[in-house]
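>>> From the sequence below, what's the structure:
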Amino acid sequence: MDTHVHSEPDSPVFTPWNKGKLTGAKPPLRPKHVWAVRTRLQLLKRFRDLALFNLAIDSKLRGCDVVALRIADVAPNGYAVDRASVRQRKTRRPVRFEITEQTRQAIDDHLAQRSDALSPYLFPGRGPAGHLTTRQYARLLAGWLTMIGLDACFYGTHSLRRTKATLIYKKTGNLRAVQLLLGHTKIESKVRYLGIEVDDALAVAEQIDV
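Below is the predicted model:
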């Protein structure tokens, strides 16, 4: 008797979206890396990129919030202010951040030579959103890191969000101040009990130079 073997048709091969990509939390940049990127951008006179890089570190904002910053958020009178406040896209809660002197100068330089004078966004783009996309921001970051010899696949835009926050925590040990500065939720109810106000957290941040 002949034996018939029934075989199932070949099922499609599933390819994970993250195949070949490094996943997980991206590490913060080290101070030497921050200064290396800044120096290269300054030498190349890439004013927009320098303003974007510096402001991403100072603000400690998520990438979607960094690219969507409006001129009125950081330079309401035509020049950069030392503190700003924006509403986070993810949590819909406001968060305040400090803008250091070197970042203010970078923003002013960027505004002085910006070609799209009519856009309300600090970093205008050609897409429907009217500003740079997070994908464009990530590509820019990869280029900056590659310029200084780093493997960009190990880092992401969240690395810039974490850079200054990590240094603040290492220097002060003040986790609650860091949580406030990052705009994390479910912390407001503990602030008064811990004796930490937003101005105190900002004062801590202003003492940290990167």
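>>> where does this protein have low pLDDT?
Low-confidence regions of the chain, defined here as pLDDT under 70, cover residues 1-24, 185-198, 200.
>>> what does the helix or strand harbouring Ala56 contact?
With secondary structure defined by DSSP states H and E, Ala56 is part of helix 47-59. The contact list for helix 47-59, computed with CB atoms under 8 Å, 6 or more residues apart in numbering, reads 29, 34, 37-38, 41-42, 63, 65-66, 69, 74, 84, 86, 97-100, 102-103, 106-107, 109-110, 112-114, 122-123, 132, 137, 140-141, 144, 157, 160-161, 163-164, 210. Just so you know, the C-beta spots here come from the backbone N, C-alpha and C atoms, and that holds for glycine as well.
>>> nearest residue to Arg104 other than its sequence neighbours?
Spatial nearest neighbour of Arg104, chain neighbours left out: Ala80 (3.8 Å); criterion: CB to CB, 6 or more residues apart in numbering.
>>> That neighbour falls within a strand, correct?
No: with DSSP: H, G, I helix; E, B strand; the rest coil as the criterion, Ala80 is assigned coil and is not in a strand.
>>> I'd guessed it sits against Glu101; true?
No: proximity of Ala80 to Glu101 does not meet the contact threshold set by CB atoms under 8 Å, at 9.3 Å.
>>> Comparing these two, which residue is more hemmed in?
A side-by-side neighbour count of Ala80 and Glu101, using other CB atoms under 10 Å, places Ala80 first with 25 against 11.
>>> Please consider this matter closed, and thank you.
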